[in-house]
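Got a sequence here, can you build the structure:
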Amino acid sequence: MSRDEERPHDRWARRGAAFGIWYLRAVTFINVLGAVWVSLGNDIRRHNAADFFTPYLLTAGFASGAFSLFLAVTLRRRKRAAWILNLVLSGLFLLLVAVAMALAPEYRTHPRNWVSLALTLLFTVSLLVGRREFYAKGDRANPRLAALTAAGGLLVTSVLAALLVTVANGAPGAGTGSTGAAAAAQSAGASTFAERWRYGLLRLVSLAADDRAFPGIATPNWVNGTINVLSAALLVAVLWAAFRSVRAIDPITAEDEERLRALLARHGDRDSLGYFALRRDKSAVFSPSGKAAVTYRVVGGVSLASADPLGDPEAWPGAIERWLAEAREHGWAPAVMGASEEGGTIYARHGLDAWELGDEAIVDCAEFTLSCRAMRTVRQAYHRIERAGYTVRVRRHEDIPADEMARLVRVADDWRDGDTERGFSMALGRLGDPADGRCVMLECSDAQGELRALLSFAPWGAKGLSLDLMRRDRDSDNGLMEFMVLELIQRAGEVGITQLSLNFAMFRSVFERGSRLGAGPVLRLWRSLLGFFSRWWQIESLYRANAKYRPVWEPRYMLFEKSTDVLRIGIAAARAEGFLEAPGLPKWLNRKRLEHGR
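Predicted coordinates:
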């Protein structure tokens, strides 16, 4: 339903939700500004005393700013728990102000109190009007995790605060900046650690703690500010624990995998990345007819689908609609990595925007030749490795005995660069599983018969293969991977294939167009920037490595619902691919079971 066709109460619900979110954003800005602008912060805090009230959540300080910012973010993500918390807190505050103004005439004499009452009332009413817009479920383990985080974090931060006070107590310029306060603190006698701990604990709660209760303590302003920053960090941690999204739902079951394999058997020729949908760290959503499916993984609150949906393209919309509905139900940001042009077009019809990520290199085995002039450098490198005595063995996984496969898996693990198995959209994430018998293994041995490199390819329909895994001994000669790929292309008939999907080259068009005569300054700058980052992430070198086979380039796209989520999606994709490692929670805090829809 378009916005022009939506019903009036839906329109008002959307506007109410938007007002609530923007109110919290404005309060966040003022709170943080009040923390760094001393005079403004003091004015705000004075209006929370005596006969004055300030609007809901307006208190000044980093902790209050972090609190209002987190509530704004969670409301924007349509969290039901955030809506309930805001409604309860604003309702209680509204009741307090209304009763106070009704019973005490002195409160009614200040116009600012009427402004505070009106703003708080407007915020509360906007939440009630927009209640249908807040539908995202949280994790049932969140309350327990938030309580544990609050208890443990308060203990740690209060001890740190006490240590800070111990180190800085009585320093010149303490308190309000005068030496008299420090002298008074010294004359009052040394404070105990319990008193310093209690002082730090109160400072964690508010910058405006009453210093008169601690005559033996006088600290510089930077200590009080640092303690308040600690309290803001603790508050963020507690709020994250309280409002985090459901981290996952049911992963692919044996029955799901069987259904997905049936879809691949009928429609697997459409997408070279289709087989990677069988990764067992994904979940699957099927269309109502069961003729299509979207597989995805939840990472950092992002529902990350990879490549195109599986199955009949006519049934893709049904699977996409279910996937999007599930993402919205749990407050996940929907995103797709590596969709083809056909798949991206269907996703775009469901409200997702597309960015071109790069291109996939596809080689037609029948048309490939090493004899042309353009392949001269590649041909020379191939013959150099061949003369060195290297040989390649090509087999389906199902033809490799179990003991040999176990040895290959151990060798592949030893050659892996780092402890993390990288890959998500173009990697299966497992090697040697009996269910993957149609995968193809290439083993490269040197002249002495010693194994030096491995390549594994996943099936692409009946006549194709997609590169899954590349490993080699670091002490082996350079060029082994190219030699193995060329051997496979020339011996394609042994495994009955006609096409080969190689690595994905990000931003390939930038490197290609940026090197041409007449490229504009923006394109050249963009190419230079990517070349700089290629020193660490091999962006340009991967393109060059693929380009030597003179492949057909097939564009791949990233799709997303909101442009403000692009950074978040990029981080989630980097984590899924294994390039970023997020710190995990202790095992005893994690849920023991995955519960569907909760």
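
Just the strands from the stretch 401-550 of the chain, written as ranges.
Here the stretch 401-550 of the chain has its strands, by DSSP state E, counting those that start in this stretch, at 440-445, 451-460, 464-472, 499-506.

Out of the ones you listed, flag the one nearest Phe53.
Closest approach to Phe53 among the strands of the stretch 401-550 of the chain is made by strand 499-506 (54.1 Å; C-beta to C-beta). Quick note: C-beta positions are derived from backbone N, CA and C, even for glycine.

what packs against that closest one?
strand 353-364, strand 451-460, strand 464-472, helix 480-490, helix 539-547 (3 or more C-beta pairs under 8 Å, 6 or more residues apart in numbering; DSSP states H and E).

Let's have those in CSV, adding mean neighbour count.
Formatted as CSV, the helices and strands packed on strand 499-506 follow (neighbours: other C-beta atoms under 10 Å):
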stretch, mean neighbour count
strand 353-364, 19
strand 451-460, 23
strand 464-472, 22
helix 480-490, 21
helix 539-547, 18
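
Do I have it right that Ala82 meets Leu71?
Yes. Counting by C-beta atoms under 8 Å, Leu71 is a contact partner of Ala82 at 5.8 Å.

and for those two, which residues touch both?
Shared contacts of Ala82 and Leu71 (C-beta atoms under 8 Å, 6 or more residues apart in numbering): none.

related to what we said a few turns ago, TSV please, covering the helices and strands packed on strand 499-506 and showing mean pLDDT and distance to Arg379.
Below are the helices and strands packed on strand 499-506 laid out as TSV (pLDDT from 0 to 100; distance: least, C-beta to C-beta, whole Å):
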stretch	mean pLDDT	distance to Arg379
strand 353-364	89	15
strand 451-460	94	20
strand 464-472	91	21
helix 480-490	92	9
helix 539-547	73	15
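
Any chance of the ones you listed in CSV with distance to Pro313 as columns?
What follows is these, written out as CSV (distance: least, C-beta to C-beta, whole Å):
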stretch, distance to Pro313
strand 353-364, 17
strand 451-460, 17
strand 464-472, 18
helix 480-490, 29
helix 539-547, 27
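
how about these, which one is nearest Val336?
Nearest to Val336, of these and by C-beta to C-beta, is strand 353-364 at 8.6 Å.

which parts of the host helix or strand of Met101 are buried?
Element membership for Met101, per DSSP states H and E: helix 80-103. The neighbour-count check on helix 80-103 (16 or more other C-beta atoms under 10 Å) flags 80-83, 85-87, 90, 93-94, 97, 100-101 as buried.

that older thread, for the strands of the stretch 401-550 of the chain, could you give me CSV that also reports distance to Thr295?
Formatted as CSV, the strands of the stretch 401-550 of the chain follow (distance: least, C-beta to C-beta, whole Å):
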stretch, distance to Thr295
strand 440-445, 22
strand 451-460, 14
strand 464-472, 15
strand 499-506, 18
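
re the thing from before, the helix or strand following the helix holding Met101 - what's its average pLDDT?
Once helix 80-103 ends, the next helix or strand along the chain (criterion: DSSP H and E) is helix 105-108. For helix 105-108, the mean pLDDT works out to 81.

Show me what helix 105-108 is packed against.
Using 3+ C-beta pairs under 8 Å, 6+ apart: helix 105-108 touches helix 80-103.

Let me know the pLDDT of Thr377.
pLDDT, read off for Thr377, is 86.

That one is in contact with Lys548, isn't it?
Yes. Assessed by C-beta under 8 Å, Thr377 is found in contact with Lys548 at 7.4 Å.

of these two, who's got more company?
Lys548 (16 against 9; other C-beta atoms under 10 Å).

Test my guess that the more buried one contacts Ala374.
No. Applying C-beta under 8 Å, one finds Lys548 not in contact with Ala374, separated by 9.6 Å.

Kind regards, and thank you for your time.
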